[in-house]
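Asker: coordinates only, sequence not included:
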């Protein structure tokens, strides 16, 4: 079935045939690597190795239920089945499809998903990693305005081994930015699509042109953190200290407890740490001084 030529979206190096529209992403003709379809999802996975509050995972299978939105069933790195709940919007379905469901699928395909944003600098990739709301997407958007192409946001797919180094595969050409971030960037929110209907969740999909469709070597990884002081600090990490931030900022690492592949995951993280500079950059917690942060990053990448 997957061998039939269909209209597909292209992201993470994969041809994705999807019944869920990926907003205004262009479609091309190709042989699908992944099918995304609506249908009935199971209530549980018989071989689940781990069960969380909203998800279960076992070898080759991942199941997630998002209340009021949908159930997502991801199998063998090749298919995502979605059972939509009444009242859920396409945007809400897409939010979790592009996030946790796609992260699980990449894990199943032994592609390292990092919780990161990525921009291209002189033909190589600069990554920004760190916890949610630390400023990864904001930095990427800021550098895009200066002419640096964005390769990925939120879920950043990396192929990594000891021989060929670490490369970022361009992902979905979408940022997700809060309304106050759009204001900082002098970007008009009218015409943008809201991520969720919840009026308290004022976050928007922001499209960008993905000018690169081939994997790009990782040049440097900036680990973002905050401090209660008023100072910026930058510290290049050495040897063994480089790998922990990569491991800790893997996208949904708990999924691996059920899916398997933890040894391969460690090897991938080690390959990233071995081939790229890893730099911790700490900014003041109060006030997002974007221009100063960008200047510091640019001088050290």
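Answerer: Right, received. Where do you want to start? Keep in mind that this is a model prediction, so the values were computed, not measured.
Asker: could you show me where the helices are in the stretch 101-250 of the chain, in order?
Answerer: Secondary structure of the stretch 101-250 of the chain (DSSP state H, counting those that start in this stretch): helices at 102-108, 136-145, 179-184, 243-248.
Asker: Which of these has the highest mean neighbour count?
Answerer: Of the helices of the stretch 101-250 of the chain, the one with the most neighbours on average (mean count of other Cβ atoms under 10 Å) is helix 102-108, at a mean of 26. Every residue, glycine included, has its C-beta placed from N, CA and C.
Asker: from the chain's centre, how far out does that helix sit?
Answerer: 11 Å (Cα atoms, centre = their mean, to the nearest Å).
Asker: Likewise for stretch 15-35?
Answerer: 18 Å.
Asker: Contacts for it next, please.
Answerer: Outside stretch 15-35, the residues within contact range by Cβ atoms under 8 Å, 6 or more residues apart in numbering are 1-11, 14, 36-38, 77-80, 82, 90, 93-94, 97-98, 105, 172-174, 193, 205, 207.
Asker: Could you give me the ChimeraX syntax to select whichever of these are buried?
Answerer: Here is the ChimeraX command that selects the buried residues among the contacts of stretch 15-35 (16 or more other Cβ atoms under 10 Å):
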select :6,8,9,10,11,14,36,77,78,79,80,82,93,94,97,98,105,172,173,174,193,205
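Asker: Go through the chain and flag its longest helix.
Answerer: Counting by DSSP state H, the longest helix found in the chain is helix 262-275.
Asker: quick one, phi/psi of residue 259?
Answerer: Phi and psi for residue 259, reported as degrees, to the nearest 10, are phi -70, psi -30.
Asker: can you pull the contacts of residue 284?
Answerer: Contacts of residue 284 (Cβ under 8 Å, 6+ apart): 226, 227, 228, 229, 230, 231, 232.
Asker: ok, of these, which come out buried?
Answerer: Applying 16+ other Cβ under 10 Å to those flags residue 226 as buried.
Asker: Tabulate the contacts of residue 284 in CSV, adding columns for distance to residue 66 and pLDDT.
Answerer: CSV is the format used below for those (distance: Cβ to Cβ, whole Å; pLDDT from 0 to 100):
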residue, distance to residue 66, pLDDT
226, 29, 94
227, 34, 91
228, 35, 91
229, 38, 91
230, 39, 91
231, 40, 92
232, 37, 95
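Asker: and stretch 49-57, which residues are buried?
Answerer: Within stretch 49-57, the residues that count as buried by 16+ other Cβ under 10 Å are 55, 56, 57.
Asker: Could you list everything the last one pairs with in the sheet?
Answerer: Think residue 57. residue 50, residue 62 (DSSP bridges).
Asker: Could you chop the protein up by domain?
Answerer: Using automatic domain parsing, the domain parsing of the chain gives 6-108, 112-173+208-298.
Asker: circling back: sort out which residues of the longest helix of the chain are buried, please.
Answerer: 265, 268, 269, 270, 271, 272, 273, 275.
Asker: same check, this time on stretch 246-261
Answerer: By 16+ other Cβ under 10 Å, the buried positions in stretch 246-261 come out as 246, 249, 250, 251, 252, 253, 255, 256, 258, 259, 260, 261.
Asker: between the buried residues of stretch 49-57, which is closest to residue 297?
Answerer: If you rank these by distance to residue 297 using Cβ to Cβ, residue 55 comes first, at 34.1 Å.
Asker: what's near enough to touch the closest one?
Answerer: 62, 63, 64, 65, 100, 255.
Asker: can you pick the most crowded of the residues you listed?
Answerer: residue 62 (27 neighbours; other Cβ atoms under 10 Å).
Asker: which ones are touching residue 255?
Answerer: So residue 255 contacts 55, 57, 62, 103, 104, 107 (Cβ under 8 Å, 6+ apart).
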